[in-house]
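Novice: everything below, folded, please.
(2 chains)
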2 protein chains.
Amino acid sequence: MTAHAQAGTAAELALRNVPDTAATDLVRSARRAGIDVWFANPGTTEMPLVAALDEVDGVRPVLGLFEGVCTGAADGFARIAGRPAATLLHLGPGLANGLANLHNARRAGSPVVNVVGEHAAWHVGFDPPLASDVEGLARPMSVWVHTSRGPADLAADAARAVAAARELRGPATLVVPLDHQLATGAPVPDPAAGPPGAAPDPADAGPGAAPDPCGPGRAEPVDPGRVRGIARRIRTAARVVVLAGDGATGARARLTLARIAATGRIRVIGETFPAAVEHGGGLPGLPRLAYRPEAAAAELADAELVVLAGAREPVSYFGYPDLPARLAPPGSVLTLCSPGQDTGHALDLLADELGAPRNAPAVPAPAPPPPADGPLDPEIVAAVLARELPDRAIVSVEGGTCGYPFARLAGTAARHTMLTNTGGAIGQGLPVALGAAVADPGRPVIALQSDGGAHYTIQSLWTMARARLDVTVLIAANHRYGLLQTEADRICGSADGPATRELTALSPPRVDWVRLAESYGVPARRTRTAADLRDALGHSFHVTGPHLIEMEI
Amino acid sequence: MTAHAQAGTAAELALRNVPDTAATDLVRSARRAGIDVWFANPGTTEMPLVAALDEVDGVRPVLGLFEGVCTGAADGFARIAGRPAATLLHLGPGLANGLANLHNARRAGSPVVNVVGEHAAWHVGFDPPLASDVEGLARPMSVWVHTSRGPADLAADAARAVAAARELRGPATLVVPLDHQLATGAPVPDPAAGPPGAAPDPADAGPGAAPDPCGPGRAEPVDPGRVRGIARRIRTAARVVVLAGDGATGARARLTLARIAATGRIRVIGETFPAAVEHGGGLPGLPRLAYRPEAAAAELADAELVVLAGAREPVSYFGYPDLPARLAPPGSVLTLCSPGQDTGHALDLLADELGAPRNAPAVPAPAPPPPADGPLDPEIVAAVLARELPDRAIVSVEGGTCGYPFARLAGTAARHTMLTNTGGAIGQGLPVALGAAVADPGRPVIALQSDGGAHYTIQSLWTMARARLDVTVLIAANHRYGLLQTEADRICGSADGPATRELTALSPPRVDWVRLAESYGVPARRTRTAADLRDALGHSFHVTGPHLIEMEI
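Specialist: Got it, this is the predicted structure:
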């Protein structure tokens, strides 16, 4: 059997009169494994893959003008869709440009499939100008890396990459030489003899029997004995914190957490930077652990037990002199389940073991902040946004200036999904918002974005405009790296030196965000007061396509 | 002896009343080795290094809003200044964002010193969110990588990094944990007992004896026996091409090449993408080897000998089906000297061996193109620029749309230095122009830039505005990836498929380059005709600071 036989009807082939390439096998195999969106910034060595996107039905190419847009969008897509998108990147330098947001995706546990072109296998040894160590670049930010061995492997390689991204919960990187992509008539491997880890082909399974090709990888099971042991410890402890991480931030798990909290002496706290967390609409609140290590340690200081529910042990974001790395009291940490395990099930078991009430206690939704007025500041921005947020919105938050104030009020807003910067590589807020909007065009998306971080992947605006995505970009324009000014003072005792000022102030010149957005085809306006911001939000939520709102704070 | 004793006078120390950190030792040591510019995008883990830039005299911090701006600027700086600048980057993701332009710098043989912060050594093992394999990321694009072992090593490590960048001619990456930077009172190593490869400290040498700390690494010597052998082969060959690469593109070597060519049967051709090449002002011309492999092979096809003078053997940029990788005829290639060797000396020896005339033949400067008029197209852009170019300009060329036509006319222009994209990672044209302008503020700098490539490091405009650099950015706005449309057709037989069109067309929306430049503080205008362009160039060359000219072609 050749690729021809798999490609379509004889009539279709006769019409096109071109044999399918192995690149087409790859795209088609990825499609069967659930990949229907490709965030792409291709080059010469990816042209057969681009042509393959023309050949395979049901795949959508989305162009990014910079690779970090593509990888961040794939992360945002995965967080909302619960399944991977692909990126298509050009050789080592193209991959390199996407690595920072792959770092964030890896920390988020987001499945992402990177397909990276490589020079023809027979050519790369000549070390042409664009040659570099592609696998070496991929490895630090990938959970799986593979370079195809030949055209006959591309279909299986694609399936393995998708399976790896889902099962290992992170970026899987497949490197494909140009000559492998271009080959025609490659034998199609027998699915029954596929390599271990190949995604099952749902087309081969009967109705009802097909696993969901679009779901995340199956969560590892939870050990009931461990849950019982932890329940015993909790029953005899005076004060307990449950730290809610992966699998504990959705609506259902949150109700279970509320049942658990209702048994008394148990506080529930969320991780500082969750990949995705539900807030508002009367859902039980989930305060986040503080970012500053002193504050976080203080929150945990009186806990006899800190129970990790899909969370990692909390550690200081940076290693400061005279502060410990571990934030929980020594000996307090117990792991109920790890990221990637079935946290929801573990929490159900724990609630039952603790004899928690069957239903979560009815807690009145917290009051929304009063209508704000006057010149914008971060608190007012947060209050306005919390009041105006549409139901079922997605909020991509990058930067603390308005991000922390909004997080404190998120529980008072309409029901929404908040996406945060999981890995700390800035430049993820806009692409993640872009990818979320592609994943679910029916939901309004807001990017609550500090100005400094917006520059790294500013090209996201263009793709938002091209795809007419309903994204409202809120730029907190304070024209400085506020965090760094704080850190300079904290670590070095001063932020006043000329070099420190030069490297932490973003003016002069002040970036004109309205003009910048408009240059990329995104309508924009500037706001100075709460009333301005309310008007601008109302307008943006009302009309189609992206809008940018510069907030002078 | 402690760092205190090295830091300055007792009075100065008493005034500041803070002990120097090891970070200050690092910056001071780098300064002694010639590093006086730091292109920086720091984060929390680099704050002590930022504070150190406040403490050490004679160092200039330059902020980039994205790391690729910093690394590309350091490359441009090195090409013009002939010595390295430093970059200051934040952890693995910050380095990753700078890798694409480090790839180009490595291919250019440009010395660049990257200083990358790392989590405190005692903290990194806790795998905090921003942790990643920094050395692993650095290695593919660096000629030297080292993570400091302790605060006492930082001064010596900085000297080693500078020496490595210069001697190995590429990016040297030094990773420095936060706690090492912050330590005070570190013993200063005895320079006499410094590690192998440490740069000599010119302060320790007498007048006249000091090696130039600002010069490039010493070129490797040339073997006169090899030169004699090659001269013998040349004398008996019917047709010879000398391929002029590293060390053969400056004015002096070009006169030598003209002497050699004057002995007959010898054509001189330049590499396709030189790091820096002199053109115009009556200098003997240096046609570049064609980019397309068929054309390049045709240029070399009749050569009995292809003599490499600081050039690598020419190979096809990409590996195309049915085309060979090697462009020179089989068995024709002889290496006079390799990149990094003393090409100028080798050419002198060769000219003498060949009995070349003592002086280069007087060749009339090629006639400038006639005054162009009418709507802009790439040929007219090239003609206008060639006529209007100020003397001693620096032209950073990225993209072929106007780049190739201008290269063909460069010999007719006033004397200038052309910088090209050596590694093919796009997004280097603007940062290289920026770095060149920092390196020599007395020379006008022109970035002749295709629109697609400009987006990757568009943030360069802001730094040009902040530093008021005399850079004229010419954007060839054809709103498409022209090269990719050609390659899609060439490789896949068509560029008409919907996915191919989606991924190679840059409109809709059309980027408004005037607004984009203005948003970053760069005055801009749009041009449609030769007269528009002449006016805009005249204005830009006349006033201070950067200007952007969108060219509708």
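Novice: can I assume A:Val381 is in contact with A:Arg534?
Specialist: No: under the criterion of Cβ atoms under 8 Å, A:Val381 makes no contact with A:Arg534, lying 10.9 Å away. Any C-beta I mention is one placed from the backbone N, CA and C, and that applies to glycine too.
Novice: okay, those two: which has more neighbours?
Specialist: Counted by other Cβ atoms under 10 Å in any protein chain shown, A:Val381 and A:Arg534 do not tie: A:Val381 has more neighbours, with 25 against 18.
Novice: so the more buried one versus chain B, what's the distance?
Specialist: According to Cβ to the nearest Cβ, to the nearest Å, A:Val381 stands 22 Å off from chain B.
Novice: which residues in the stretch 251-400 of chain A form strands?
Specialist: Under the criterion DSSP state E, counting those that start in this stretch, strands of the stretch 251-400 of chain A are mapped to A:266-270, A:277-279, A:305-309, A:333-337, A:393-398.
Novice: enumerate the residues of the stretch 251-400 of chain A near chain B.
Specialist: Counting by Cβ under 8 Å from any Cβ of the partner chain, the stretch 251-400 of chain A comes close to chain B at A:Phe273, A:Val315, A:Ser316, A:Tyr317, A:Phe318, A:Gly319, A:Tyr320, A:Pro321, A:Ala325, A:Arg326.
Novice: and those residues as TSV, adding neighbour count and pLDDT?
Specialist: TSV is the format used below for these (neighbours: other Cβ atoms under 10 Å in any protein chain shown; pLDDT from 0 to 100):
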residue	neighbour count	pLDDT
A:Phe273	21	97
A:Val315	21	97
A:Ser316	22	97
A:Tyr317	20	96
A:Phe318	25	96
A:Gly319	24	95
A:Tyr320	21	92
A:Pro321	10	88
A:Ala325	20	95
A:Arg326	16	97
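Novice: helices or strands up against the helix or strand encompassing A:Ala465?
Specialist: Assigned by DSSP states H and E, A:Ala465 falls within helix A:460-466. If you count contacts as 3 or more Cβ pairs under 8 Å, 6 or more residues apart in numbering or on different chains; DSSP states H and E, helix A:460-466 packs onto strand A:60-63, helix A:67-81, helix A:429-439, strand A:471-477.
Novice: mind doing that once more with 6 Å?
Specialist: If you count contacts as 3 or more Cβ pairs under 6 Å, 6 or more residues apart in numbering or on different chains; DSSP states H and E, helix A:460-466 packs onto helix A:429-439.
Novice: contact partners of the helix it packs on?
Specialist: A:69, A:72-77, A:80-81, A:394, A:396, A:398, A:419, A:445, A:447, A:449, A:457, A:460, A:463-464, A:469, A:471 (Cβ atoms under 6 Å, 6 or more residues apart in numbering or on different chains).
Novice: quick one: the helices in the stretch 401-550 of chain A?
Specialist: A:429-439, A:451-454, A:460-466, A:482-492, A:498-504, A:513-519, A:530-542 (DSSP state H, counting those that start in this stretch).
Novice: domain ranges for chain A, per the record?
Specialist: A:3-204, A:224-353, A:378-552 (automatic domain parsing).
Novice: nearest to B:Ile266, of these?
Specialist: Nearest to B:Ile266, of all the domains of chain A, is domain A:3-204, at 25.9 Å by Cβ to Cβ.
Novice: right, quick check: that closest one against chain B, any contact?
Specialist: Yes: using Cβ under 6 Å from any Cβ of the partner chain, domain A:3-204 reaches chain B at A:40, A:42, A:44, A:47-48, A:50-51, A:53-54, A:61, A:63, A:65-66, A:93, A:96-97, A:99-100, A:103, A:107, A:119-120, A:123, A:126, A:128-130, A:132-133, A:136-137, A:140.
Novice: hmm, stretch A:526-536 in reach of chain B?
Specialist: No: counting by Cβ under 6 Å from any Cβ, chain B is not contacted by stretch A:526-536; separation bottoms out at 12.0 Å.
Novice: returning to that earlier point: how about CSV for the domains of chain A, with distance to B:Gly427 added?
Specialist: CSV is the format used below for the domains of chain A (distance: least, Cβ to Cβ, whole Å):
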stretch, distance to B:Gly427
domain A:3-204, 8
domain A:224-353, 29
domain A:378-552, 11
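Novice: in chain A, where is pLDDT below threshold?
Specialist: A:1-18, A:186-218 (pLDDT under 70).
Novice: helix or strand for the nearest residue to A:Glu46 once chain neighbours are set aside, which one?
Specialist: Closest residue in space to A:Glu46, ignoring its immediate chain neighbours: A:Gly117 at 4.0 Å, by Cβ to Cβ, 6 or more residues apart in numbering or on different chains. Here A:Gly117 sits within strand A:112-118, counting by DSSP H and E.
Novice: which residue comes closest to A:Asn478 once chain neighbours are left out?
Specialist: A:Ile553 is the one closest to A:Asn478 (Cβ to Cβ, 6+ apart), at 5.3 Å.
Novice: circling back to that earlier point, what's the most distant pair in the residues of the stretch 251-400 of chain A next to chain B?
Specialist: Going by Cβ to Cβ, the pair spanning those furthest: A:Phe273 and A:Pro321, at 23.4 Å.
Novice: which parts of the stretch 1-150 of chain A are strands?
Specialist: Going by DSSP E, counting those that start in this stretch, the stretch 1-150 of chain A shows strands at A:37-41, A:60-63, A:86-89, A:112-118, A:144-147.
Novice: closest to A:Leu548 out of these?
Specialist: strand A:60-63 (19.3 Å).
Novice: remind me, longest helix of chain A?
Specialist: helix A:91-108 (DSSP state H).
Novice: helices or strands next to that helix in the packing?
Specialist: Judged by 3+ Cβ pairs under 6 Å, 6+ apart, helix A:91-108 is in contact with helix A:67-81, helix A:134-138, strand A:171-177, helix B:91-108.
Novice: can I get these in TSV with mean neighbour count?
Specialist: Formatted as TSV, these follow (neighbours: other Cβ atoms under 10 Å in any protein chain shown):
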stretch	mean neighbour count
helix A:67-81	31
helix A:134-138	23
strand A:171-177	27
helix B:91-108	31
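Novice: alright, calling it a day.
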